[in-house]
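Visitor: Below are the sequence and a predicted model; questions follow.
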Number of protein chains: 2
Amino acid sequence: MRSTFTLVGLRRVAALSLCAALLGLAPAHAGTDPLPSWNDTAPKKAIVALVEQVTKEGSPRFVSVAERIATFDNDGTLWAEQPMYFQLLFALDRVKVMAPQHPEWKTTEPFASLLEGDIKAALAGGEKSLMEIMMATHAGMTTDEFTGIVKNWIATARHPKTKRLYTEMVYQPMLELLAYLRANGFKTFIVSGGGIEFMRPWVEKAYGIPPEQVVGSSIKTSFELRDGKPVLVRLPAVNFIDDKAGKPVGINQHIGRRPIAAFGNSDGDQQMLEYTKAGSGLRLATLLLHDDAARETAYGPATGLPAGHIGTFTQALYDEAQKSGWVVIHMKNDWKRVFPWGQ
Amino acid sequence: MRSTFTLVGLRRVAALSLCAALLGLAPAHAGTDPLPSWNDTAPKKAIVALVEQVTKEGSPRFVSVAERIATFDNDGTLWAEQPMYFQLLFALDRVKVMAPQHPEWKTTEPFASLLEGDIKAALAGGEKSLMEIMMATHAGMTTDEFTGIVKNWIATARHPKTKRLYTEMVYQPMLELLAYLRANGFKTFIVSGGGIEFMRPWVEKAYGIPPEQVVGSSIKTSFELRDGKPVLVRLPAVNFIDDKAGKPVGINQHIGRRPIAAFGNSDGDQQMLEYTKAGSGLRLATLLLHDDAARETAYGPATGLPAGHIGTFTQALYDEAQKSGWVVIHMKNDWKRVFPWGQ
């Protein structure tokens, strides 16, 4: 029985390879390096070892294609998050665009400070101010209208420092990793604290991840008829926060399977990594450490710098990673190249 | 440019067909009828017309594979729902199993009546009683434990009338339809008022629909460490009701794209059909009318019988279907066969 099974397995693998070639897809095991922007250090070795073992039919660590789930945080993991979350920059841009329709903002905080260009003063009110800005800019329109607004912004807005489009602020090694995993039968999901509706309009093009594979924070929506046309209206009320302990909850809600590989970069990802590693068989949990001031940014453990104010990477998280066998990707040493357009 | 584009398209189609053959998948356009349990009446014609038009490259109605989303209600659409929702039968079975650990149930409604076999008296308290039964049987354990409980039940419990396993109570024509759509590049999703965690353990085997393509009602979960192991605990609190106006909300939350085809059978599906049809291009909305007392059950419009107490199909819904161009599948006339094992 075993030899027949193996033969069928091999035939299937051969057929899959032929199909990949016919369809112009990257073959699962190309002669060329599928991760050219990664140095041959521990993280790359751990990733390749996982993929080779879970895809090897007959191996005790083989995992069926259906169970090959990989989850990725977005901000600071797939794309940059400095000088602040890009979704917040989107919200600040929206306040400016919407200001003429809101004359009251001139005298109401946090909008008044924002419109005067004083972001620090605007955000001095903490989470309350932040929520006011988010709800004012993210709610009140239909989902289709919001998609249009995001698409327009992402196609035109520029990063304050690099002057690049935000979709150019993605990490080249992670693009290669996404493609490598998918070429080996993985389904790749985003599991981000960012807004699910803010990501969906552009992640398919940027990362090859379709809308139905995006898990994120959300506000409530309401089904309504507007001029006889059924629409979903975005309401100024939080529905779900996909961060920290919310990440495993979001994964279960949307995916319904435990990932076999998870990638994050901050304290907000800890529970996702714990949940991933608690599954049976081989599991990979990784954290990207931003320790590369020259090419991108540096903060947190092993940099001699504080833990960071956007994606917070504390010493406690670093210690937990060492203790639990999570792989830390040190940007400076482990990546040959950071951005598609840069070094 | 156009001819090159078409040639590339044709080459890709040829490659896909070859791959389907190599991998032993059903080819998209077999010589044999992909829907043998359907009579050649209006519903089958509408389904085939949709599939042929949206898959025809170069046609103005062509839809990319990524956008080929089809959503299916479950109870009364993919499997039967008489004499009551199967999930409720599961809950009643659980009350009996759990009763020894709950001596107080002997004197507390709705459990006391249930344990005496008087379901009608138990449910006399309406939604409040129902929620008490659901929360007592669906919450308080980890998600993994609940999955185990459902798997055990679905593998052994029998339908009260047919004495079949519940997974045999699925509709053969719908199994063919799911396979036909997938063979033509569609992603098939369940969008059901039933519990998302109740469906996931068995729908992959029964329908070929993976957990991440199931949208349903849910209770809240909490991420916790139990004996140092990270788990998700099911809490006795409603998270989301995926019914009526909740269906478009659930579709948007989980899928993030508007379906091009939607299949339901009751008033709870109306908003899903409205939302589907409101998209641009060719869209198909269908309702299954149970009018076949001999082979399954009969209720609602055109049967001379009331609208039904489980899946309610009112005259107003029937009128809306006529007005809006939704296709009504009349089980009696449109299906050659109802169950895989029966007529």
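Guide: That came through fine.

Visitor: drop to CA atoms for contacts and neighbour counts, all remaining ones
Guide: Fine.

Visitor: Local confidence estimate at whichever residue of the stretch 101-250 of chain A sits closest to chain B?
Guide: Residue of the stretch 101-250 of chain A nearest chain B, by CA to the nearest CA: A:Glu212 (4.2 Å). With respect to pLDDT, A:Glu212 scores 98.

Visitor: repeat for A:Asp227
Guide: pLDDT, A:Asp227: 89.

Visitor: Ramachandran angles for it?
Guide: phi 50, psi 40 (degrees, to the nearest 10).

Visitor: okay, now the nearest residue to the residue of the stretch 101-250 of chain A closest to chain B once chain neighbours are set aside: neighbour count?
Guide: Closest residue to A:Glu212 apart from its sequence neighbours, by CA to CA, 6 or more residues apart in numbering or on different chains: B:Ile255 at 4.2 Å. B:Ile255 is flanked by 23 other residues according to other CA atoms under 10 Å in any protein chain shown.

Visitor: how close does B:Ile255 get to B:Glu212?
Guide: Going from B:Ile255 to B:Glu212 by CA to CA, to the nearest Å gives 10 Å.

Visitor: ok, now A:Ser266?
Guide: From A:Ser266 to B:Glu212 the distance is 26 Å (CA to CA).

Visitor: residue boundaries of the helices in chain A?
Guide: Along chain A, counting by DSSP state H, helices occupy A:2-22, A:42-54, A:86-98, A:111-115, A:119-122, A:127-138, A:143-156, A:172-183, A:196-207, A:246-254, A:270-277, A:315-324, A:331-334.

Visitor: what about the residue of the stretch 101-250 of chain A closest to chain B, neighbour count?
Guide: For A:Glu212, the count of nearby residues is 21 (other CA under 10 Å).

Visitor: ditto for the one 3 residues further on
Guide: Around A:Val215 there are 30 other residues, counting by other CA under 10 Å.

Visitor: Test my guess that the residue of the stretch 101-250 of chain A closest to chain B contacts B:Gly250.
Guide: No - if you go by CA atoms under 8 Å, A:Glu212 and B:Gly250 don't touch, sitting 11.5 Å apart.

Visitor: Report how many residues lie close to the closest residue to A:Gly125 other than its chain neighbours.
Guide: Distances taken as CA to CA, 6+ apart place A:Pro110 nearest to A:Gly125, at 7.6 Å, with adjacent residues excluded. Close neighbours of A:Pro110, defined as other CA under 10 Å, add up to 23.

Visitor: these two touch, right, A:Pro110 and A:Met131?
Guide: No - if you go by CA under 8 Å, A:Pro110 and A:Met131 don't touch, sitting 10.1 Å apart.

Visitor: where in chain A is pLDDT low?
Guide: Along chain A, the model assigns pLDDT under 70 to residues A:1-30.

Visitor: Spatially nearest residue to the residue nearest the centre of it, not counting backbone neighbours?
Guide: Nearest to the mean C-alpha position of chain A, by CA atoms, centre = their mean, lies A:Asn74 at 1.9 Å. Among residues not flanking A:Asn74 along the chain, A:Ser192 sits closest, at 5.4 Å (CA to CA, 6+ apart).

Visitor: quick one: contacts for the one you found?
Guide: A:Ser192 makes contact with A:72-75, A:215-217, A:242-243, A:247 under the criterion CA atoms under 8 Å, 6 or more residues apart in numbering or on different chains.

Visitor: Quick check: phi and psi at A:Ala278.
Guide: When read as degrees, to the nearest 10, the backbone of A:Ala278 gives phi -80, psi -10.

Visitor: Tell me how many other residues surround it.
Guide: By other CA under 10 Å, the residues close to A:Ala278 number 16.

Visitor: ok, now which ones touch it?
Guide: Going by CA under 8 Å, 6+ apart, A:Ala278 touches B:229-230.

Visitor: repeat for A:Ile209
Guide: By CA under 8 Å, 6+ apart, the residues touching A:Ile209 are A:188-190, A:203.

Visitor: Equivalent analysis for A:Met84, please.
Guide: Counting by CA under 8 Å, 6+ apart, A:Met84 touches A:Ile310.

Visitor: From A:Gly125, how far out is it?
Guide: Taken as CA to CA, the span from A:Met84 to A:Gly125 is 17 Å.

Visitor: Is any residue of stretch A:233-244 near chain B?
Guide: No - Stretch A:233-244 stays clear of chain B (CA under 8 Å from any CA of the partner chain), getting no nearer than 9.5 Å.

Visitor: quick revisit: if I look at the residue nearest to the centre of chain A, how far off is chain B?
Guide: A:Asn74 is 18 Å from chain B, where distance means CA to the nearest CA, to the nearest Å.

Visitor: Over to A:Met331?
Guide: 29 Å.

Visitor: Quick one: name the residues of the stretch 101-250 of chain A near chain B.
Guide: The stretch 101-250 of chain A comes close to chain B at residues A:197, A:200, A:210-213, A:221-223, A:229-232, A:245-246, A:248-249, as judged by CA under 8 Å from any CA.

Visitor: Any quick ChimeraX command for the buried ones out of these?
Guide: Entered in ChimeraX, the line below selects the buried ones among those, by 16 or more other CA atoms under 10 Å in any protein chain shown:
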select /A:197,200,210,211,212,213,221,222,223,230,231,232,245,246,248,249
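
Visitor: Tell me which of the residues of the stretch 101-250 of chain A next to chain B fall in strands.
Guide: Judged by DSSP state E, strands contain the following of those: A:221-223, A:229-232.

Visitor: Of all pairs in those residues, which one is the farthest apart?
Guide: Using CA to CA, those reach their maximum pairwise distance at A:Thr221 and A:Lys229, which is 15.7 Å.

Visitor: which one of the contacts of A:Ser192 has the most neighbours?
Guide: Highest neighbour count within the contacts of A:Ser192: A:Val215, with 30 neighbours (other CA under 10 Å).

Visitor: my guess is it meets A:Thr188, correct?
Guide: No - with contact defined as CA under 8 Å, A:Val215 does not reach A:Thr188; the gap is 11.1 Å.

Visitor: follow-up on the earlier one: tell me which residues touch the residue nearest to A:Gly125, please.
Guide: Contacts for A:Pro110 (CA under 8 Å, 6+ apart) come out as A:121-123, A:125, A:129, A:132-133.

Visitor: Any chance of those residues in JSON lines with neighbour count and distance to A:Ala261 as columns?
Guide: Output for the contacts of A:Pro110, formatted as JSON lines (neighbours: other CA atoms under 10 Å in any protein chain shown; distance: CA to CA, whole Å):
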{"residue": "A:Ala121", "neighbour count": "16", "distance to A:Ala261": "40"}
{"residue": "A:Ala122", "neighbour count": "20", "distance to A:Ala261": "39"}
{"residue": "A:Leu123", "neighbour count": "18", "distance to A:Ala261": "35"}
{"residue": "A:Gly125", "neighbour count": "13", "distance to A:Ala261": "37"}
{"residue": "A:Ser129", "neighbour count": "15", "distance to A:Ala261": "36"}
{"residue": "A:Glu132", "neighbour count": "15", "distance to A:Ala261": "35"}
{"residue": "A:Ile133", "neighbour count": "22", "distance to A:Ala261": "34"}
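
Visitor: List just the nearest of those residues to A:Arg295.
Guide: A:Arg295 has its nearest neighbour among the contacts of A:Pro110 in A:Leu123, at 28.2 Å by CA to CA.

Visitor: Contacts only, for that closest one.
Guide: Going by CA under 8 Å, 6+ apart, A:Leu123 touches A:110, A:129-130.

Visitor: Same question for A:Ile154.
Guide: By CA under 8 Å, 6+ apart, A:Ile154 lies in contact with A:165-167, A:202.

Visitor: neighbouring contacts of stretch A:311-320?
Guide: By CA under 8 Å, 6+ apart, stretch A:311-320 touches A:75-76, A:81, A:265-268, A:270, A:289, A:299-301, A:307, A:326.

Visitor: Between the two ends of stretch A:299-316, what distance do you get?
Guide: End-to-end distance for stretch A:299-316, by CA to CA: 14 Å.
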